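**Q** fold the following.
(chains A, B, C and D)
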There are 2 protein chains.
Amino acid sequence: MGAEGHADGTVGKALDVLDMVARHGRPVRFSDLLAQSEYPKATLYRLLQTLTHQGMLALDPDQGTYALGVRLVRLAHAAWAQSSLAPIARPYLDELAAKTGETIHLAQMDLGQVLYVDKRNAARPVEMFAQAGKVGPAYCTGVGKAMLAWAAPEALEQAIARQSFHRHTAHTLDTPEKLLAELQAIRARGHAFDREEHEAGIICCAVPILSRSGRVLGALSVTSTTARTTLDALEAQSGLTKDIAARIAAEAESWRFPEQH
Amino acid sequence: MGAEGHADGTVGKALDVLDMVARHGRPVRFSDLLAQSEYPKATLYRLLQTLTHQGMLALDPDQGTYALGVRLVRLAHAAWAQSSLAPIARPYLDELAAKTGETIHLAQMDLGQVLYVDKRNAARPVEMFAQAGKVGPAYCTGVGKAMLAWAAPEALEQAIARQSFHRHTAHTLDTPEKLLAELQAIRARGHAFDREEHEAGIICCAVPILSRSGRVLGALSVTSTTARTTLDALEAQSGLTKDIAARIAAEAESWRFPEQH
DNA sequence: CCGTTTGGTTCCATTATTTGAAACTTAGTC
DNA sequence: GACTAAGTTTCAAATAATGGAACCAAACGG
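**A** Reported below is the predicted structural model:
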């Protein structure tokens, strides 16, 4: 926890402030922000002013509170539609959900954390974005481990350093050593399991989505509960999952060569 | 189009670059960005580097292209869930959609542009975030006019200055004068119509969502087609729509007084 | 009713960052 | 192997950010 640390330049500080407002979860007053921030009054003030002026924050004049601005939502839309695998993967997730009947997660890696970019729920047809967009730990989730297993050495090292290794359940891999051993097993096996490592009763089988050059683009998981199924049953579907992952990767690849006029 | 103009400070420039990447709609090469940007090579380069380092952009090392980063998606999630009326309004939109059977839009104003933050479609149950997040013009949409009609004088002036007044259809109000007259009528009437001003065949009836102090929080519209219904029929439901808008406003209001511990 | 605190905004000399032309590397072409 | 295009680094000059302190306004307390 605590101080962010590496805030390079003014831009970094501004984004830091943005995050601070985001973390708060509701409109914040200047003084609240001042209390948590390391920045002196005047600096924070100007930062907020700039962000507000830029539409990244919105100042509610009635209350004098800052909230995240609409420009962010607009950018977000673009980010979701463009940078992530989500739009490409959508039909494939539908297919996988239909064929397995289980909950499907599509995730990408964000500096050691897992970001869920899309989801299919067994029960309801399509979840809101609000359900995706969540972040989770990498060291104790199927998608997280799948991505770490094929991560580049430096990226892996950085990611490991950022894991909390908090013991969520009795099955959580709570040391870097255990995790590294597991990653090797995952590489050998070709897919990762979550053996109730994050939440009791929740199990999954996850596969990485790899580019042709071997870079990790994301991960895909089929998730269920111990009440409904077993790991073996989930593993039985890993072939299908890998196939879907490969098709997503292929399409992602072709997307990246614009082919313009 | 062209130069943004008011780019205050480094942060402004950085966000400008972010927008530039977002606008592009797909991963962009450095040189492409350089071509459109006003910034000199080295400046743009460092800006991109900073944003990448901050996780707002992601550099694809295979292709040397920049895309919007995951941090943005994360922020976006927070923005959508927090700053907008969307989460508060959700159940009310459901109710309105169920009672009217028509398409419902929830919008907010973003510097003269309309931002759709949530939506209920007559056909499918719940649309993805990707469908919301869109922006549209204010001067020729129901929600846009509803918000402008109750906007503060300075805000209105600024917004008017930003309208293109492009003549989308034969019914489009294509001058500030026509628009101002219409806004007055809307204020008197209490709700706004879209008389096929944006798209032929598309009509709607929109109401503003106003805070107790009279500030515009957003707008709500019931949209349909000339094939399915008439303006009169839509107007008949304006009472219901206003009621829903009032309830959203009331709840938004209570949200803003945290009541903490 | 006036002194005080709290919350927010502005000043301005100092300091540190950003700037951008140009030089430099690669990595492709021909 | 000379020529180009694309990306990266340098460095003194220009500019923008900094933050302590002063300031203002409104709410509070006696």
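
**Q** so what's A:I202 up against?
**A** A:194, A:196, A:223-226 (CB atoms under 8 Å, 6 or more residues apart in numbering or on different chains). Any C-beta I mention is one placed from the backbone N, CA and C, and that applies to glycine too.

**Q** same list, those, but only the ones touching DNA strand D.
**A** Checked against DNA strand D using CB under 7 Å from any atom of the strand, those yield no neighbours at all.

**Q** which pLDDT value does the model give the residue in the stretch 101-250 of chain A that DNA strand C sits nearest to?
**A** Using CB to the nearest atom of the strand, the closest approach of the stretch 101-250 of chain A to DNA strand C is made by A:S213 at 13.4 Å. In this prediction, A:S213 carries a pLDDT score of 80.

**Q** any idea whether it is helix, strand or coil?
**A** coil (DSSP: H, G, I helix; E, B strand; the rest coil).

**Q** and it, how far from DNA strand D?
**A** From A:S213 across to DNA strand D, the span is 17 Å (CB to the nearest atom of the strand, to the nearest Å).

**Q** wouldn't that residue be in contact with B:Q63 here?
**A** No. The criterion here is CB atoms under 8 Å, and A:S213 misses it with B:Q63 at 9.9 Å.

**Q** find the residues that touch each one of the two.
**A** Joint contacts of A:S213 and B:Q63 (CB under 8 Å, 6+ apart) do not exist.

**Q** any idea how far the residue of the stretch 51-200 of chain A at minimum distance from DNA strand C is from A:G55?
**A** Closest to DNA strand C within the stretch 51-200 of chain A is A:G64: 4.4 Å, counting by CB to the nearest atom of the strand. According to CB to CB, to the nearest Å, A:G64 and A:G55 sit 18 Å apart.

**Q** what's the mean pLDDT across the host helix or strand of A:R247?
**A** With elements taken from DSSP states H and E, the one containing A:R247 is helix A:238-255. Helix A:238-255 shows a mean pLDDT of 90.

**Q** what of stretch A:158-176?
**A** 93.

**Q** in it, what's buried?
**A** Buried positions in stretch A:158-176, judged by neighbour count with 16 or more other CB atoms under 10 Å in any protein chain shown: A:159-160, A:163, A:165, A:168, A:172-174.

**Q** could you do stretch A:136-150 as well?
**A** A:137-150.

**Q** show me which residues of chain A sit near DNA strand C.
**A** A:9-11, A:29-31, A:34, A:41-42, A:45-46, A:64.

**Q** among those, which ones are buried?
**A** A:9-11.

**Q** closest one of those to DNA strand D?
**A** Of all these, DNA strand D sits closest to A:T10, with 4.2 Å by CB to the nearest atom of the strand.

**Q** so which of the buried ones among the residues of chain A next to DNA strand C belong to helices?
**A** A:9-11 (DSSP state H).

**Q** can you list those in TSV and add distance to B:Q108 and pLDDT?
**A** Output for those, formatted as TSV (distance: CB to CB, whole Å; pLDDT from 0 to 100):
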residue	distance to B:Q108	pLDDT
A:G9	31	85
A:T10	28	90
A:V11	26	92
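
**Q** now, which of those residues lie close to chain B?
**A** Subset of these in contact with chain B: A:9-11, counting by CB under 8 Å from any CB of the partner chain.

**Q** so can I have JSON lines of those residues showing distance to A:L183?
**A** Converted to JSON lines, these look like this (distance: CB to CB, whole Å):
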{"residue": "A:G9", "distance to A:L183": "35"}
{"residue": "A:T10", "distance to A:L183": "38"}
{"residue": "A:V11", "distance to A:L183": "34"}
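
**Q** get me the contact residues on the stretch 1-150 of chain A for DNA strand D.
**A** So the stretch 1-150 of chain A meets DNA strand D at A:10, A:13, A:39-43, A:46-47 (CB under 7 Å from any atom of the strand).

**Q** try 6 Å this time
**A** Proximity of the stretch 1-150 of chain A to DNA strand D (CB under 6 Å from any atom of the strand) is limited to residues A:10, A:13, A:39-43, A:46.

**Q** and those residues, which two are furthest apart?
**A** A:T10 and A:K41 (16.6 Å; CB to CB).

**Q** buried set for stretch A:237-253?
**A** Buried-residue list, stretch A:237-253, by 16+ other CB under 10 Å: A:237-238, A:241-242, A:244-245, A:247-249, A:252.

**Q** what sits up against that stretch?
**A** Contacts of stretch A:237-253 (CB under 8 Å, 6+ apart): A:85, A:88-89, A:92, A:95-96, A:99-100, A:190-191, A:205-212, A:217-222.

**Q** quick check: ChimeraX command selecting the buried ones in those residues.
**A** Buried members of the contacts of stretch A:237-253, defined by 16+ other CB under 10 Å, are picked up in ChimeraX with:
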select /A:85,88,89,92,95,96,100,191,205,206,207,208,209,210,211,217,218,219,220,221,222
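
**Q** now, the contacts of stretch A:237-253 that are in helices?
**A** Using DSSP H, the contacts of stretch A:237-253 in helices are A:88-89, A:92, A:95-96, A:99-100.

**Q** adding pLDDT and distance to B:V21 as columns, could you present those residues in a markdown table?
**A** Below are the ones in helices among the contacts of stretch A:237-253 laid out as a markdown table (pLDDT from 0 to 100; distance: CB to CB, whole Å):
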| residue | pLDDT | distance to B:V21 |
| --- | --- | --- |
| A:I88 | 85 | 18 |
| A:A89 | 90 | 21 |
| A:Y92 | 94 | 26 |
| A:E95 | 94 | 31 |
| A:L96 | 95 | 30 |
| A:K99 | 93 | 36 |
| A:T100 | 93 | 35 |
